[in-house]
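> Got a predicted model here, sequence first, then my questions.
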Amino acid sequence: MNYKDWVCIIDDERYFLEGFTRLLEWKGYRVRAYMSAEQAIEDILFGDISVVVTDVMLPGMTGLELIAKMRKVGCKVPVLLMSAHPDKDVMDLAKELGVVEFLRKPFRPYEIFIALDKAFMNGKKSTGYDHHIIPQNKRARVNLFG
């Protein structure tokens with residue numbers, strides 16, 4: 001991990017989101033936290049996010065729908081998916097969408113640190129760059145938002 005890299009966390013449970021954010025910041029990660037995919041998507045596609053950690057079940061756009069939109073426009077930012085109630089269909093779709101790791105809530109701190117290390121390594125191997133946002137994604141803004 002490079003301490004310039006940003007982790008984006010998306011979860012609609014406020015207390016979980018706050019605690020998770022504090023844990024990652026304590027470990028040295030820079031974190032941007034959102035309570036919905038709609039709040040986060042522009043930052044993911046056009047900002048400097050290096051890894052996304054999202055819950056499956058979110059109000060509005062689900063975590064899987066977010067990942068599908070990211071992949072549709074060529075965004076290769078690595079994603080960790082989490083759920084308290086994983087099922088086989090969700091896990092299969094997550095694998096098809098290129099999710100790096102599926103975490104079952106509640107998870108232990110060491111599990112997220114291992115998964116984040118894997119995601120950062122995966123992102124660097126797939127693109128060769130520290131940040132994985134593809135500049136051409138700016139053209140996709142019209143398709144996603146307008």
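All right, it came through fine.
> Next, please give the residue ranges for the helices of this protein.
Along the chain, counting by DSSP state H, helices occupy 14-26, 37-46, 63-72, 88-96, 109-127, 137-145.
> longest strand anywhere in the chain?
Of all segments of type strand in the chain, defined using DSSP state E, the longest is strand 49-55.
> Could you give the separation of it from the chain centroid?
2 Å (CA atoms, centre = their mean, to the nearest Å).
> quick one: low-confidence ranges for the chain?
Within the chain, the segments meeting pLDDT under 70 span 1-4, 124-146.
> contacting residues around the residue most central in space within it?
Closest to where the C-alpha atoms of the chain average out (CA atoms, centre = their mean) is residue 52, at 1.6 Å. Contacts for residue 52 (CB atoms under 8 Å, 6 or more residues apart in numbering) come out as 7, 8, 10, 40, 44, 66, 67, 70, 77, 78, 79, 80. Backbone N, C-alpha and C define where each C-beta goes, glycine included.
> Could you check how far residue 100 is from residue 79?
6 Å (CB to CB, to the nearest Å).
> actually residue 49, not the one I wrote
Counting by CB to CB, the gap from residue 49 to residue 79 is 10 Å.
> Format the helices of the chain as TSV; extra columns: mean neighbour count.
Shown next, in TSV, are the helices of the chain (neighbours: other CB atoms under 10 Å):
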stretch	mean neighbour count
helix 14-26	14
helix 37-46	19
helix 63-72	19
helix 88-96	13
helix 109-127	16
helix 137-145	12
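> Just send those helices back as a markdown table, with distance to residue 57 too.
Putting those into a markdown table (distance: least, CB to CB, whole Å) gives the following:
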| stretch | distance to residue 57 |
| --- | --- |
| helix 14-26 | 12 |
| helix 37-46 | 11 |
| helix 63-72 | 7 |
| helix 88-96 | 9 |
| helix 109-127 | 18 |
| helix 137-145 | 21 |
